[in-house]
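> Sequence and predicted structure are below.
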Amino acid sequence: MSIIVNTVSKIYDKQYAVDNISFELKKGEIVGFLGPNGAGKSTTMKMICGYLPATNGSIIVCGSDVQDKPMDVKRNIGYLPEANPLYYDMYVREYLEMSAGIHGIKNVKNRIEEMITLTGLTKEAHKKIGMLSKGYKQRVGLAQAMLHNPDVLILDEPTTGLDPNQIIEIRELITRIGKEKTVLLSTHIMQEVQAMCSRVIIINSGKIVADDAIEKIQQSNKKQDVLIVTFDKQPAADLFNSLKHKKRYELLQNGIKIYTDNPDALRKEVMQLALDNNININTMNTETLSLEDVFRSLTANN
């Protein structure tokens, strides 16, 4: 296994940022690490990289314990944090040369040119980093993370702030890289997860609430469906609180999205509710939970 996280917690004062989590990642996996803001994703990634010490538990990266052999771990990890820390006054090649020196890389020039080509930086490599667009800054961050040819890549929100074309390009790059390495990828964009990842780990309030292949997670939640209803006018929000077969609901424009484990019974309830309140139903459709619906179901506080 490339990464082994075993009963790891991170406690600040008396608050658990990460609460007794365990998972393993093997080579060739691109794993989506999902969770709402404040769930513990970035904290976990920083502990794996050795930037934050775990309060308890153990983390092994490529056979080395993060606590006992931190330098060995750092040699095996390429890390792109959410706030990409670049030196804007440095030229692209100059910055990569500095990073290569830190890692003690041999054949520096060849390796830098290889990374520039791989990340699509050739046309922008003569510029200062501060002159680059957000997308190209992300490419520089990825080039730096991969420069020392690590076996593990930790990517925290790598497509944040990118336009659709840039997102596709970075997605394709990560997919190519992931065939030979282990990639742990944090993102809020479910389309990214489905396009790149074969497996997802979902964390909520510091605890892992799901860890499996995307298809299996969706199948395990098939017992819950979504009923989407539209009306001729927007009903009052509290009108649906009395529904007995709802798990939770979200208001839409002139409609509602209701999560349920008994869609047939819920349909009858909604029709009766509309009849009693003189509301016309335009459409009513039942759908199986999407990955986004599963995520919201597992991380919802209501």
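Great, that's in hand.

> so who does the nearest residue to H148 once chain neighbours are set aside touch?
Nearest non-adjacent residue to H148, counting by Cβ to Cβ, 6 or more residues apart in numbering: H103, 4.0 Å away. C-beta here means a position set from N, CA and C on the backbone, and glycine is covered the same way. The contact partners of H103, taken as Cβ atoms under 8 Å, 6 or more residues apart in numbering, are 75, 147-148.

> List the contacts of I203.
Taking Cβ under 8 Å, 6+ apart, we find I203 in contact with 18, 21, 33-35, 39-41, 44, 209.

> picking up where we left off before, now, among the contacts of H103, which is nearest to E292?
Sorting these by how near they are to E292, with Cβ to Cβ, puts L147 at the top with 34.5 Å.

> And the closest one, how close does it get to S42?
Distance of L147 to S42, given as Cβ to Cβ, to the nearest Å: 22 Å.

> Among the contacts of I203, which one has the most neighbours?
Neighbour count (other Cβ atoms under 10 Å) singles out T44 as the most crowded of those, with 29 neighbours.

> Is that residue in contact with F33, as I believe?
Yes: look at T44 against F33 with Cβ atoms under 8 Å: they come within range, at 7.3 Å.

> tell me the domain ranges of the protein?
Domain assignment for the chain by automatic domain parsing gives 3-218, 221-299.

> Measure how far the first one is from the centre of its chain, please.
This means domain 3-218. Domain 3-218 has its C-alpha centroid displaced from the chain centroid by 10 Å (Cα atoms, centre = their mean, to the nearest Å).

> so where do the strands sit in this protein?
3-12, 15-25, 30-34, 56-61, 64-65, 77-80, 152-156, 182-186, 199-204, 207-213, 225-231, 248-252, 255-260, 281-288 (DSSP state E).

> Can I get those in TSV including mean pLDDT?
As requested, the strands of the chain are arranged in TSV below (pLDDT from 0 to 100):
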stretch	mean pLDDT
strand 3-12	96
strand 15-25	96
strand 30-34	95
strand 56-61	97
strand 64-65	96
strand 77-80	94
strand 152-156	94
strand 182-186	94
strand 199-204	94
strand 207-213	93
strand 225-231	90
strand 248-252	88
strand 255-260	89
strand 281-288	87
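
> Quick check: the gap between C62 and L298.
When Cβ to Cβ is applied, the distance between C62 and L298 equals 30 Å.

> In terms of neighbours, single out the busier of those two.
Set side by side, C62 and L298 show unequal neighbour counts under other Cβ under 10 Å, the larger going to C62 at 19 against 16.

> No further queries at this time; thank you.
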